[in-house]
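Participant: Structure here, sequence nowhere to be found:
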DNA sequence: ATGGACCCTGGAGCAACTACAGGGTCATGA
DNA sequence: TCATGACCCTGTAGTTGCTCCAGGGTCCAT
């Protein structure tokens, strides 16, 4: 059941990551250097799959690699007393909450936009584009 | 009432855009080259304000510049159906909703982690990586 | 043993800005 | 009048986070 001895290509397929990206993550220390085969091929195990999946998700959520790094640090140092890590967790928590608020605002706007397109309408009457134009905020103004 | 003869700095202030970004947009053809003053300063008018405002809005909604470009193209061809724009918005909306769901899972885990610390626990039980692991999508699975 | 799919390293290129460096312009006020 | 400082100009380089070669090695099936 557990995946072992994956090639870099297999790991990429499993996690939806390009091979170059995996090597890049290794270079900057986001992924640990894997074992190598006799022919010098990288060889990955289940932990790599988990870690890389996590990294990709967090990146996908719009966090910078620096944040990914701090989150991984939390996971990597299970013996550290909590006091040291507490601030870090709270900071990440606040960041996540900020992000949720941002995205919810965004969703509201996109949702509103999505209901503006009358079926069969043309660009000329496209209220999406209208809605994104400035005169809808600061009152009418038609030269 | 209509703004005319704005300097690049004034345009930037009006639209919340950095001066360098405006010049960058000009270079890559997102904004048309403006008129120049005798002293070779860029001089913008109302159309530029509208266009740049539109660009910034769309970018703020998370669309790439390529999408901005197609939207601008579409806006210039008023006879085409507006279903294309609608599809772009819907797609973006779904992506945003997916991200919100992921973020809420992550927040749950960070929240749990924070409380665990409060009680004098250790990071040992940190499941931050699991919170975004693949098995959370396809049902439970406990090794 | 050879063709093709895959892997290796190292370096360049891309998106979307952002930040200088080195210099010109313009308004204000002493 | 001229000097000071805020603003503008071009051009280039740096940033983040990948992505794509070039030139070569490995592996495996036919």
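Facilitator: Cool, got the structure. These numbers were taken from a predicted model, which means no experiment stands behind them.
Participant: How about the residues of chain A by DNA strand C?
Facilitator: Those residues of chain A that sit near DNA strand C, judged by C-beta under 7 Å from any atom of the strand, are A:7, A:8, A:9, A:10, A:19, A:20, A:23, A:40, A:41, A:42. C-beta: built from backbone N, CA, C; applies to glycine.
Participant: Export these as CSV, with columns for secondary structure, pLDDT and neighbour count.
Facilitator: Putting these into CSV (DSSP: H, G, I helix; E, B strand; the rest coil; pLDDT from 0 to 100; neighbours: other C-beta atoms under 10 Å in any protein chain shown) gives the following:
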residue, secondary structure, pLDDT, neighbour count
A:7, coil, 97, 14
A:8, helix, 97, 20
A:9, helix, 97, 13
A:10, helix, 96, 13
A:19, helix, 97, 14
A:20, helix, 96, 10
A:23, helix, 97, 12
A:40, coil, 96, 6
A:41, coil, 97, 13
A:42, strand, 98, 20
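Participant: And those residues, which is closest to residue A:110?
Facilitator: Of all those, residue A:110 sits closest to residue A:20, with 31.7 Å by C-beta to C-beta.
Participant: count of neighbours near residue A:101?
Facilitator: By other C-beta atoms under 10 Å in any protein chain shown, 11 other residues sit near residue A:101.
Participant: helices or strands up against the worst-scoring helix or strand of chain A on mean pLDDT?
Facilitator: The least trusted helix or strand in chain A, going by mean pLDDT, DSSP states H and E, turns out to be helix A:127-131, with a mean of 72. Counting by 3 or more C-beta pairs under 8 Å, 6 or more residues apart in numbering or on different chains; DSSP states H and E, the packing neighbours recorded for helix A:127-131 are helix A:82-114, helix B:65-75, helix B:83-118.
Participant: quick one: which of those is nearest residue B:31?
Facilitator: That would be helix B:65-75 among the helices and strands packed on helix A:127-131, by C-beta to C-beta, at 9.8 Å.
Participant: now the closest one and helix B:83-118, what's the angle there?
Facilitator: 150 degrees (axes from the mean of the first three to the mean of the last three C-alpha atoms, to 10 degrees).
Participant: coming back round to it: include distance to residue B:115 when you put the residues of chain A next to DNA strand C into a markdown table, please.
Facilitator: Shown next, in a markdown table, are the residues of chain A next to DNA strand C (distance: C-beta to C-beta, whole Å):
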| residue | distance to residue B:115 |
| --- | --- |
| A:7 | 41 |
| A:8 | 39 |
| A:9 | 41 |
| A:10 | 38 |
| A:19 | 40 |
| A:20 | 40 |
| A:23 | 38 |
| A:40 | 46 |
| A:41 | 44 |
| A:42 | 39 |
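Participant: which ones among those residues come in contact with DNA strand D?
Facilitator: A:20, A:40, A:41.
Participant: Which single residue of chain A approaches DNA strand C most closely?
Facilitator: residue A:9 (2.6 Å; C-beta to the nearest atom of the strand).
Participant: can you pull the contacts of that residue?
Facilitator: residue A:19 (C-beta atoms under 8 Å, 6 or more residues apart in numbering or on different chains).
Participant: Please apply the same query to residue A:19.
Facilitator: Residue A:19 touches A:8, A:9, A:12, counting by C-beta under 8 Å, 6+ apart.
Participant: The last one and residue A:24 touch, don't they?
Facilitator: The one in question is residue A:12. No - with contact defined as C-beta atoms under 8 Å, residue A:12 and residue A:24 do not form a contacting pair (11.9 Å).
Participant: Cool, thanks, talk later.
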